[in-house]
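Visitor: prediction below, plus the sequence it came from.
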Amino acid sequence: MAKISFLNGEFIEHSKAMVHIDDRAMQFADSVYEVTLVHNNKLIDGELHWQRLTNSLEKMKIRINYTVEQLDDFAQQLIRQNDIVTGSLYIQITRGVAPRNQLLPENIKPTVIMTISEFKLPVAEILDKAVKTISQPDIRWQMCDVKSTGLLIGSLYKQKAADANCDDVIMLRDNVVTECCFSNIFIVKDQQLITHPLDNHILAGITRHRIIELAKQVDIKVIERKFKFDELLEADEVFSSSTTTFVRPIHIVDNQMIKDGATGRVTRELFNSYLKFVQST
Ligand SMILES: Cc1ncc(COP(=O)(O)O)c(C=O)c1O
């Protein structure tokens with residue numbers, strides 16, 4: 001069965017889904033996106049993803065011609081047409097097609113894209129694989145709360161990590177730990193969970209939000225505050241969170257081991273509760 005994608009109101013064969021070369025996503029990364037998990041044919045935390053997409057569009061002043069209900073309906077149709085039970089759904093909205101000009105064109109129609117791929121839920125065994133990271137300055141822009149497709153720093157850093165035989169980069173803004181390349185980051189100290197507060201220096205991760213809720217349910221104290229790199233190196237546990245990696249332990253940072261280098265109890269517990277949450281949706 002050929003993969004079907006969504007483009008501007010139509011469901012078409014993926015290989016035939018084309019966007020114009022004057023689309024502003026090409027010249028200015030003038031577009032925002034979402035990645036959501038699909039399980040049992042349903043979006044996981046769909047409402048939160050649609051809300052974040054709406055926030056990103058508002059901050060970028062991109063006006064769309066569909067309501068969230070219509071977008072959700074297109075997503076459901078795409079899931080059905082591709083016969084996906086567990087998958088990842090990618091949604092991108094660009095400002096649209098216009099001759100290249102720095103000023104924002106008025107009255108143009110945004111480009112709306114959705115693609116879907118099969119996805120395997122992570123299994124607990126991955127928690128035993130050593131995850132190595134390096135630290136780097138967070139040189140991204142000051143609107144990291146917008147889920148923009150301007151992702152080059154994250155991509156260059158991901159490659160830098162791979163070239164150093166590592167899995168990810170931990171980013172530091174004035175020595176404050178912000179995020180990994182494509183995920184939020186948490187530390188555990190004395191059974192308390194600490195993560196950067198929501199502001200313009202991090203993306204408001206949907207998995208981050210869900211992990212915080214799940215932690216509170218089992219009486220793990222959650223503190224949303226800035227923490228410095230030294231505090232991370234002294235932590236009992238460190239992990240990252242995202243839609244596609246769930247809860248991922250971090251064992252080594254700049255060749256230094258976190259605690260004894262093993263995945264901690266809180267990380268395991270939160271991975272399992274998040275997996276259960278997804279499976280029960
Ligand atoms: C920079 C950044 N931070 C955090 C996240 C995690 O967000 P979510 O949990 O919504 O996938 C992502 C996901 O792509 C990201 O790119």
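Guide: Perfect, I can see it now.

Visitor: got the residues of the stretch 151-281 of the chain near the ligand?
Guide: Applying Cβ under 6 Å from any ligand atom, we find that the stretch 151-281 of the chain lies next to the ligand at 179, 182-184, 203, 205-208, 241-243. Every C-beta, even on glycine, is put in place using the N, C-alpha and C of the backbone.

Visitor: in a markdown table: those residues, plus neighbour count.
Guide: Listed next are those as a markdown table, based on neighbours: other Cβ atoms under 10 Å:
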| residue | neighbour count |
| --- | --- |
| E179 | 28 |
| F182 | 20 |
| S183 | 24 |
| N184 | 23 |
| L203 | 20 |
| G205 | 24 |
| I206 | 24 |
| T207 | 23 |
| R208 | 23 |
| S241 | 26 |
| S242 | 20 |
| T243 | 21 |
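
Visitor: can I get those residues in a markdown table including secondary structure and pLDDT?
Guide: Shown next, in a markdown table, are those (DSSP: H, G, I helix; E, B strand; the rest coil; pLDDT from 0 to 100):
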| residue | secondary structure | pLDDT |
| --- | --- | --- |
| E179 | strand | 98 |
| F182 | coil | 98 |
| S183 | strand | 98 |
| N184 | strand | 99 |
| L203 | coil | 98 |
| G205 | coil | 99 |
| I206 | helix | 98 |
| T207 | helix | 98 |
| R208 | helix | 99 |
| S241 | strand | 98 |
| S242 | strand | 98 |
| T243 | coil | 98 |
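
Visitor: between those, which is nearest T67?
Guide: Sorting these by distance to T67 puts I206 at the head of the list, at 20.3 Å, by Cβ to Cβ.

Visitor: am I right that T54 is in contact with V68?
Guide: Yes. With contact defined as Cβ atoms under 8 Å, T54 reaches V68; the gap is 6.5 Å.

Visitor: overlap of the contact sets of those two?
Guide: None of the residues lies in contact with both T54 and V68 under the rule Cβ atoms under 8 Å, 6 or more residues apart in numbering.

Visitor: beta partners for I187?
Guide: Counting by DSSP bridges, I187 forms beta bridges with I194, V238.

Visitor: compute the distance from the centre of stretch 173-192 to the centre of its chain.
Guide: Average the C-alpha atoms of stretch 173-192, do the same for its chain, and the two points are 15 Å apart (Cα atoms, centre = their mean, to the nearest Å).

Visitor: go on, stretch 219-234?
Guide: For stretch 219-234 - counting by Cα atoms, centre = their mean - the centre lies 20 Å from the chain centre.

Visitor: show me where the stretch 151-281 of the chain has strands.
Guide: Secondary structure of the stretch 151-281 of the chain (DSSP state E, counting those that start in this stretch): strands at 168-173, 176-180, 183-189, 192-195, 222-224, 237-242, 246-249, 252-253, 256-257.

Visitor: helices or strands next to the first one in the packing?
Guide: Right, the one you point to is strand 168-173. Using 3 or more Cβ pairs under 8 Å, 6 or more residues apart in numbering; DSSP states H and E as the contact criterion, the neighbours of strand 168-173 among helices and strands are strand 132-137, helix 152-163, strand 176-180, helix 229-233.

Visitor: comparing these, which comes out most buried?
Guide: With neighbours defined as mean count of other Cβ atoms under 10 Å, the helices and strands packed on strand 168-173 peak in mean count at strand 176-180, which reaches a mean of 24.

Visitor: what about the residue lying farthest from the centre of the chain, distance to the ligand?
Guide: The outermost residue of the chain, judged by C-alpha distance from the chain's mean C-alpha position using Cα atoms, centre = their mean, is P99 at 30.9 Å. Here P99 is placed at a distance of 30 Å from the ligand (Cβ to the nearest ligand atom, to the nearest Å).
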